[in-house]
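Asker: Give the three-dimensional model of this entry:
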Amino acid sequence: MSRLTLPTRTLISLLAVASFAPLAHAQSAASADQQRVEELEQRLLVLERKLEIQTEEAATKAKEAPVVNAGDKGFSLKNAKGDYEIKFSGLAQIDGRYFIDDDGAFRDGFIARRLRPTVQGNLGKLVSFRFTPEFAGNGTGEAASIVDAYFDLKFSPAASIRAGKQKGLLGLERLQSGAAISLVERGYATELVPNRDLGVALYGELASSTINYAVGVFNGTADGRDVVGTTTGADDGLKEFEGRVFFEPFKNDYSVFKGLGVGIAGSTGAKDGSGNNFVSRYRSPGQNQFFTYEATAVASGKHTRYAPQGFFYRNNVGLLAEYVVSEQDLTRGGVERSIKNDGYNVTASYVLTGEDASYRGVKPSSAYAIGAPGWGAVELVARIGGLSVDNAAFAGVAATDRLANPTAQASKAESYGAGINWYLTQNAKLTADYNYTSFEGGGGGTAAAPIDRRDEKAVFTRLTIQY
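Answerer: Okay, the predicted model is just below:
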């Protein structure tokens, strides 16, 4: 083979370079594309991580965000753990009161019976509180006041401490919410126990909540009355001890007696002074005072009460009964007497629409709705009751040592009442009832032969709004 000349070799080299150039260019382009893909994948990974971080932060914030609730039991705001909470609720009751055959002795008309906004809540797992002002003045012309103002230390369900102005521990009907009572006004047993008092109580539930107890020490107040003020009231410096134990032995059983509860309550202490905070006065179901002591009668020593009580609720039928004895040492004109007064009431209820009767009221299975099915719940109620004043209160000499005037103060009152409750919704209730009350004494005459006070025939109506 002849040797290639230089020009020929040069030409062949150029042709070889020319033939491989496109391949090199393609390889370079592929390498650049791969690099761009890798860069895009890296960016996507970064974006995905950022989204994960944002999602985690949002979830953390959601767990820590306050929880707002609104419903038929009021409004609340609490932290995510639920241990810090504030609740807003309220009770408003507007009454219409009418008296039959009274010749104008009693005033007919409308009153605001209760106007009570409430703030309550929890400050961690240990501390809770309740604050309730009363803007209606109890419908009796009294000034606005504070009805509840207390703190609880909730050590356990079996033992908690309550300090402040609170309901007295004795009365079964007294301890019911004003929105849950069967008739417009409470019965005579409530007239003989403390209403609200200032003090400290230990309370709790035992044996799977079948035993409920409370014991406390209080400033002390007269039968059926509030302690004076929210920060004072112990004008005599004396104290009163109250206690109550209530048993619901079948509460957790599927038994015909599941709704049975019985209990006993009592108080003992001393009072020394005059005025409404120390000396009792009693009212009828029509809220008219039928007994009070002479203005110069004073509390002068021991005051004790005992109160057996109970209820039974079975399906749509309910029964509540209590009896109270109040014995107090009183003095007038240097003569001291121990006066023992007693009262009782028995209340029966029947829910026509079939819902369960209960101590806490009736929950309608279908709320009343305009233009739609649902009529709420309808309940029939009836009550008998009476209050007797010790005859010793009317003994003695009128001008000096007699504690009460039999011509102006009744020694006994007996009442019969019936009514109907219409629970439109969980938050609205219409009530109408009629109470007939007869009295012994208090209507004039002479001390030896007092005339009976005029019978009281009261028709009360009420609109209750609660949330």
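
Asker: which outside residues touch stretch 368-378?
Answerer: Applying CB atoms under 8 Å, 6 or more residues apart in numbering, the contact partners of stretch 368-378 are 351-353, 355, 362-367, 420-425, 428. Where C-beta positions appear, they are placed from N, C-alpha and C, glycine not excepted.

Asker: Buried ones in it, by neighbour count?
Answerer: 368, 376, 377, 378 (16 or more other CB atoms under 10 Å).

Asker: right, and residue 444 touches residue 410 too?
Answerer: No: Residue 444 is not in contact with residue 410 according to CB atoms under 8 Å; the separation is 11.5 Å.

Asker: of the two, who's got more company?
Answerer: Neighbour totals were compared for residue 444 and residue 410, and residue 410 leads with 25 against 11 (other CB atoms under 10 Å).

Asker: Can you name the residues that contact that one?
Answerer: Going by CB under 8 Å, 6+ apart, residue 410 touches 290, 291, 389, 439, 440, 441, 442, 443, 452, 453.

Asker: Check the secondary structure at the fifth one for me.
Answerer: Classification of residue 440 using DSSP: H, G, I helix; E, B strand; the rest coil returns strand.

Asker: Provide the partner residues of it in its beta bridges.
Answerer: Counting by DSSP bridges, residue 440 forms beta bridges with residue 412.

Asker: got a winner among the contacts of residue 410 for most neighbours?
Answerer: Among the contacts of residue 410, residue 389 has the most neighbours (other CB under 10 Å), with 28 neighbours.

Asker: Surely that one and residue 291 touch.
Answerer: Yes: under the criterion of CB under 8 Å, residue 389 makes contact with residue 291 at 5.7 Å.

Asker: Overlap in contacts, those two.
Answerer: By CB under 8 Å, 6+ apart, residue 389 and residue 291 have these common neighbours: 282, 404, 409, 410, 411.

Asker: of all those residues, which comes closest to residue 77?
Answerer: Within the shared contacts of residue 389 and residue 291, the smallest distance to residue 77 is 43.3 Å, found for residue 282 (CB to CB).

Asker: Residue 40: how many residues sit nearby?
Answerer: Using other CB under 10 Å as the criterion, the residues surrounding residue 40 number 10.

Asker: just the one 4 residues further on next, same as before
Answerer: By the measure other CB under 10 Å, the count of residues near residue 44 is 10.

Asker: Give the helix, strand or coil label for residue 176.
Answerer: Here residue 176 is recorded as coil under three-state DSSP.

Asker: Residue 357 in helix, strand or coil?
Answerer: For residue 357, the secondary structure call by three-state DSSP comes out as coil.

Asker: who's in contact with it?
Answerer: If a contact means CB under 8 Å, 6+ apart, then residue 357 has 313, 314, 315, 316, 317, 318, 349, 350, 351, 379 as its contacts.

Asker: and if you look at residue 183?
Answerer: Going by CB under 8 Å, 6+ apart, residue 183 touches 285, 347, 381, 383, 417, 419, 431, 433, 435, 460.

Asker: roughly how far apart are the fourth one and residue 347?
Answerer: The gap separating residue 383 from residue 347 is 4 Å, by CB to CB, to the nearest Å.

Asker: Do a quick rundown of the helices in the chain.
Answerer: Using DSSP state H, the helices found in the chain span residues 6-64, 188-191.

Asker: Let's test this: mean pLDDT of the longest one, rounded?
Answerer: So the one you mean is helix 6-64. The average pLDDT within helix 6-64 is 67.

Asker: hmm, back to that, now distance to residue 135 too, for the contacts of residue 183, in JSON lines please.
Answerer: Shown next, in JSON lines, are those (distance: CB to CB, whole Å):
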{"residue": "285", "distance to residue 135": "24"}
{"residue": "347", "distance to residue 135": "28"}
{"residue": "381", "distance to residue 135": "28"}
{"residue": "383", "distance to residue 135": "28"}
{"residue": "417", "distance to residue 135": "28"}
{"residue": "419", "distance to residue 135": "26"}
{"residue": "431", "distance to residue 135": "21"}
{"residue": "433", "distance to residue 135": "25"}
{"residue": "435", "distance to residue 135": "26"}
{"residue": "460", "distance to residue 135": "21"}
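
Asker: For residue 68, state which of these is nearest.
Answerer: Nearest to residue 68 out of these is residue 431 (CB to CB; 32.5 Å).

Asker: For the closest one, the count of nearby residues, please.
Answerer: Counted with other CB under 10 Å, the neighbours of residue 431 add up to 22.

Asker: now swap in residue 366 and tell me
Answerer: For residue 366, the count of nearby residues is 14 (other CB under 10 Å).

Asker: Could I get the contacting residues of it?
Answerer: Each residue near residue 366 by CB under 8 Å, 6+ apart is listed here: 373, 374, 375, 376.

Asker: Please report how far the last one lies from residue 177.
Answerer: Residue 376 sits 18 Å away from residue 177, taking CB to CB as the criterion.

Asker: Nearest spatial neighbour of residue 357, chain-adjacent residues omitted?
Answerer: The shortest distance from residue 357 to any non-neighbouring residue, by CB to CB, 6 or more residues apart in numbering, is to residue 318 (3.5 Å).

Asker: gap between the residue nearest the centre of the chain and residue 315?
Answerer: Taking CA atoms, centre = their mean, the centroid of the chain lies closest to residue 177, which sits 5.1 Å from it. Applying CB to CB, the value for residue 177 to residue 315 is 22 Å.

Asker: Same list, the contacts of residue 183, but as CSV with pLDDT and distance to residue 83 please.
Answerer: Below are the contacts of residue 183 laid out as CSV (pLDDT from 0 to 100; distance: CB to CB, whole Å):
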residue, pLDDT, distance to residue 83
285, 95, 44
347, 98, 39
381, 98, 40
383, 98, 42
417, 98, 45
419, 98, 42
431, 98, 38
433, 97, 43
435, 98, 46
460, 98, 43
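
Asker: With respect to residue 46, which of these is nearest?
Answerer: residue 431 (68.7 Å).

Asker: contacting residues around that closest one?
Answerer: Applying CB under 8 Å, 6+ apart, the residues contacting residue 431 are 183, 184, 419, 420, 421, 422, 460, 461, 462, 464.

Asker: cool, and residue 315?
Answerer: Residue 315 is in contact with 356, 357, counting by CB under 8 Å, 6+ apart.

Asker: again, only this time at 7 Å
Answerer: Neighbouring residues of residue 315 by CB atoms under 7 Å, 6 or more residues apart in numbering: residue 356.
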